[in-house]
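Asks: Fold the following.
(2 chains)
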Amino acid sequence: MSRWRDRGHHLGIAAFAAGLAVLPLGLPNEYYLTVLIFAGLHTILTLGLNLLMGYAGQVSLGHAAFYGIGAYATGILTARYQWPVPVGVAAGVAIALAVAAAIAVPTLRLKGHYLAMATLGFGVIVYIVLNEATDLTGGPSGFTGIPKLGLAGIPIASDLGYYYVVWGATLLLFLLAQNLVRSRLGRALRAIHTSETAAAVLGVDTERYKIGVFILSAGYAAAAGALYAHYVTFVSPGSFGFHASIQFVTMVVLGGMGSLWGAVAGATFLTVLPELLRAIEDYDILVYGGLLILCMMFLPGGLAEGAERLAQAVRGLLERRRPAAPEGTG
Amino acid sequence: MASPSDLLQYAISGATLGATYGLAGLGFTVIFNTTEIINLAQGEFVMLGGMLAVFAIRWGGLPLPLAVLLAIGLTTCIGVAMDRLTIRPVRGRSVIVLIIITIGVSIVLRGAAMLVFGKDTYSLPAFSGGEPLAVLGASFLPQNLWVGGITLCTLVAMKLYFDRTISGKAMLACACDRKAASLMGINVDAMVTLSFAFSALVGALGGAILAPITLTSYDVGILLGLKGFAACILGGLGNPFGAVAGGVILGVLESLSAGLISSGYKDAVAFVILLGLLFVRPSGLFGRRGAERV
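Replies: Have a look, this model is predicted:
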């Protein structure tokens, strides 16, 4: 049974990877590629945040801070101190992991809205430091001259190359998240989500797991941030504020909490949607907000649930076609 | 070293700003108590209070008091509409889904304000006179008194409402236990609508009385909402008086750190203190720790 399910999963991922590989062939111009690269970056962050929110049930309203720490750390190290880019990226992720580890212990003792407030406060503090520590970060106007990512000394200058790098990384991090979710750790996390007390009673070290996932999700965010910095080659605090944090939470919930495919769908949808809405100029913000409200009202389980319902409806239709259905449709 | 009159000055301007945070925090608390939702559109109510008053004067030529009342009335209607259209139809969904809906509402309200009123910054005339008053070497505007006075009056009115009226007690009952309240014959749906009306009202009131001191524009709601949320967490979520106290404390902290440390880091200092406090007292200053329900 589970082998069949495994095979289904592997097939799904293989099909997804193949689709991603050929997708650029069908795109009319580079602009679409840029949008898809951002979708990939957001997907990485959303995957991590979904592990925290959807599986462990802990809300973070400050994940843009880790995104920013990853981006600024590698940006500063590679541009100012001429560190090689891969080392810079690794250092960016490592710094974010360290910061997350430092704040995780006191923060995750808080629950519910208090936890949300604490992570929000952390995000605000990081945002202000990015703005005010002008000598280090360049202040509100940002930090330029970040080198492009390179492979074996050759910089990846084309958007197409970067598209494959970003989505390759996304795919790897997706597989990592999937393995985690289906391991002992994943079961423990879901137990914590359902009832922390019950999980603790059953011998799950809830605190350690929550802290571990928090740090891991910070690492995902920082990885996305570091890739962002070497793609755009410019960072400024505006991309890493409260607004961005809220947007990432929205991607998780709209995609579907506790569904990794939902994370891909939510991040991609909310990245592509504003681009589609450009056509209606000033009214885009109204339509965006309106769609968000409607999606959450009618698809509370997110896009993942929507897709599942659609699949069920199709299956139902197919089965109704068959003449010898033993039980009637009640 | 700052002189005592400087400190007084910071305290006055901080408390004035903090009163608005407190009123926004009050709005968060009231909705939280009946629904457990953190209404992230609360800041937009504050923005609407200021902006609608400005435009009632500019476009409608209304006198100031009437403009402020109209702004508060309209915002209250928007609060009710928000509950009826976006919250009531999906009551019972998980809290996080409802919170994302309030984010959607805030995006729509902010976008609509931008389209209707434009992106400029406006100010509202002071309620009475612009001449600063001097006390003990600190100077403040008559508007500071208005803000303090109106906030106090709001608190007294609210206290009376919760203590003396049936619907106030019904609302408290909903906050304690919605299921039990509904078994006692309290119409919980109506109470939720009322709580949205109430928090839109106090939010708009805060926005209107603050607009003469700080300027207002379509996007001030984000920051004010954030501070309001911080205020009610600081005071202890669920406690309306804690929310106002938390707002004033936050405002004074901000203003002191702007004056004594650095204006760029003022919000950072306030949030560092807030975080430190949460780590020591995980349910806020005046929050009940209570037994956790399993």
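Asks: excluding its backbone neighbours, what's nearest residue B:175?
Replies: Closest residue in space to residue B:175, ignoring its immediate chain neighbours: residue B:33 at 3.5 Å, by CB to CB, 6 or more residues apart in numbering or on different chains. Glycine gets a C-beta too; all of them are placed from N, C-alpha and C.
Asks: and what of residue B:52?
Replies: Using CB to CB, 6+ apart, the nearest residue to residue B:52 is residue B:71, at 3.6 Å.
Asks: And that neighbour, which helix or strand is it part of?
Replies: Element membership of residue B:71, judged by DSSP states H and E, is helix B:64-82.
Asks: Can you give the contact residues for that helix?
Replies: For helix B:64-82, the surrounding residues in contact (CB atoms under 8 Å, 6 or more residues apart in numbering or on different chains) are B:41, B:45, B:48-54, B:56-57, B:60, B:62, B:105, B:109, B:124-125, B:127, B:193, B:196-201, B:203-205, B:207-209.
Asks: returning to that earlier point: burial measure for the residue nearest to residue B:175, as a count.
Replies: 22 (other CB atoms under 10 Å in any protein chain shown).
Asks: cool, the one 5 residues further on as well?
Replies: Number of residues near residue B:38 (other CB under 10 Å) recorded here: 24.
Asks: Please apply the same query to residue A:23.
Replies: Neighbours around residue A:23, by other CB under 10 Å: 14.
Asks: what's the spacing between the residue nearest to the spatial centre of chain A and residue A:115?
Replies: Nearest to the geometric centre of chain A sits residue A:46, at 1.6 Å (CA atoms, centre = their mean). Noted for residue A:46: a distance of 19 Å to residue A:115, by CB to CB, to the nearest Å.
Asks: Equivalent analysis for residue B:178, please.
Replies: On the measure of CB to CB, residue B:178 and residue A:115 end up 23 Å apart.
Asks: thinking again about what came up before, in this structure the residue nearest to residue B:175 contacts residue B:173, no?
Replies: No - counting by CB atoms under 8 Å, residue B:33 does not reach residue B:173; the two are 10.3 Å apart.
Asks: quick one: contacts for residue B:10?
Replies: Contacts of residue B:10 by CB under 8 Å, 6+ apart are B:2, B:252, B:255, B:256, B:258, B:259, B:260.
Asks: how about these in TSV, adding neighbour count and secondary structure?
Replies: Formatted as TSV, those follow (neighbours: other CB atoms under 10 Å in any protein chain shown; DSSP: H, G, I helix; E, B strand; the rest coil):
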residue	neighbour count	secondary structure
B:2	12	coil
B:252	20	helix
B:255	24	helix
B:256	20	helix
B:258	19	helix
B:259	18	helix
B:260	14	helix
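Asks: Is stretch B:241-255 in proximity to chain A?
Replies: No - residues of stretch B:241-255 contacting chain A under CB under 8 Å from any CB of the partner chain: none, with a closest distance of 11.0 Å.
Asks: name the helices or strands packed onto the host helix or strand of the residue nearest to the centre of chain A?
Replies: Assigned by DSSP H and E, residue A:46 belongs to helix A:30-50. Applying 3 or more CB pairs under 8 Å, 6 or more residues apart in numbering or on different chains; DSSP states H and E, we find helix A:30-50 packed against helix A:63-79, helix A:159-181, helix A:206-232, helix A:242-255, helix A:260-277.
Asks: Between helix A:242-255 and the first one, find me the angle.
Replies: Pointing back at helix A:63-79 there. Here helix A:63-79 runs at an angle of 120 degrees relative to helix A:242-255 (axes from the mean of the first three to the mean of the last three CA atoms, to 10 degrees).
Asks: how many other residues sit next to residue 69?
Replies: You didn't pick a chain, so chain A it is. Residue A:69, neighbours per other CB under 10 Å, totals 27.
Asks: nope, chain B
Replies: 15.
Asks: quick one: buried residues of stretch A:23-40?
Replies: Neighbour-count burial for stretch A:23-40, counted by 16 or more other CB atoms under 10 Å in any protein chain shown, picks out A:24, A:32, A:33, A:34, A:35, A:36, A:37, A:38, A:39, A:40.
Asks: Dump the residues you listed into a markdown table; add pLDDT as well.
Replies: Below are those laid out as a markdown table (pLDDT from 0 to 100):
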| residue | pLDDT |
| --- | --- |
| A:24 | 85 |
| A:32 | 89 |
| A:33 | 91 |
| A:34 | 92 |
| A:35 | 94 |
| A:36 | 94 |
| A:37 | 95 |
| A:38 | 96 |
| A:39 | 96 |
| A:40 | 96 |
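Asks: residues in contact with residue B:274?
Replies: Per CB under 8 Å, 6+ apart, neighbours of residue B:274: A:117, A:121, B:230, B:233, B:234, B:250.
Asks: Quickly find the element holding the residue lying closest to the first one once chain neighbours are set aside.
Replies: Just to be clear, that refers to residue A:117. Distances taken as CB to CB, 6+ apart put residue B:233 closest to residue A:117, at 4.2 Å, once the chain neighbours are dropped. Secondary structure assigned from DSSP H and E places residue B:233 in helix B:220-235.
Asks: Tell me how many other residues crowd residue A:302.
Replies: Counted with other CB under 10 Å, residue A:302 comes out at 28.
Asks: any idea how far chain B is from it?
Replies: 9 Å (CB to the nearest CB, to the nearest Å).
Asks: and the gap between that residue and residue B:35?
Replies: 21 Å.
Asks: Residue B:12 too?
Replies: 35 Å.
Asks: Now find how far off-centre the lengthiest helix in chain B is within its chain.
Replies: Assignment by DSSP state H gives helix B:4-35 as the longest helix of chain B. On the basis of CA atoms, centre = their mean, to the nearest Å, helix B:4-35 sits 8 Å off its chain's mean C-alpha point.
Asks: tell me the angle it makes with helix B:220-235.
Replies: 90 degrees.
Asks: Output the set of residues of the stretch 151-300 of chain A in proximity to chain B.
Replies: A:195, A:197-198, A:242-243, A:246, A:249-250, A:253-254, A:257, A:282-283, A:285-286, A:288-290, A:292-293, A:296-297, A:300.
Asks: Can I get the helices and strands packed on helix A:30-50 in CSV including mean pLDDT?
Replies: Below are these laid out as CSV (pLDDT from 0 to 100):
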stretch, mean pLDDT
helix A:63-79, 96
helix A:159-181, 93
helix A:206-232, 94
helix A:242-255, 91
helix A:260-277, 92
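Asks: ok, residue B:202 - contacts?
Replies: Contacts of residue B:202 by CB under 8 Å, 6+ apart are B:23, B:24, B:26, B:27, B:30, B:154.
Asks: Give me whichever of the helices and strands packed on helix A:30-50 is most buried.
Replies: Comparing the helices and strands packed on helix A:30-50 by mean neighbour count (mean count of other CB atoms under 10 Å in any protein chain shown), helix A:63-79 comes out on top with a mean of 29.
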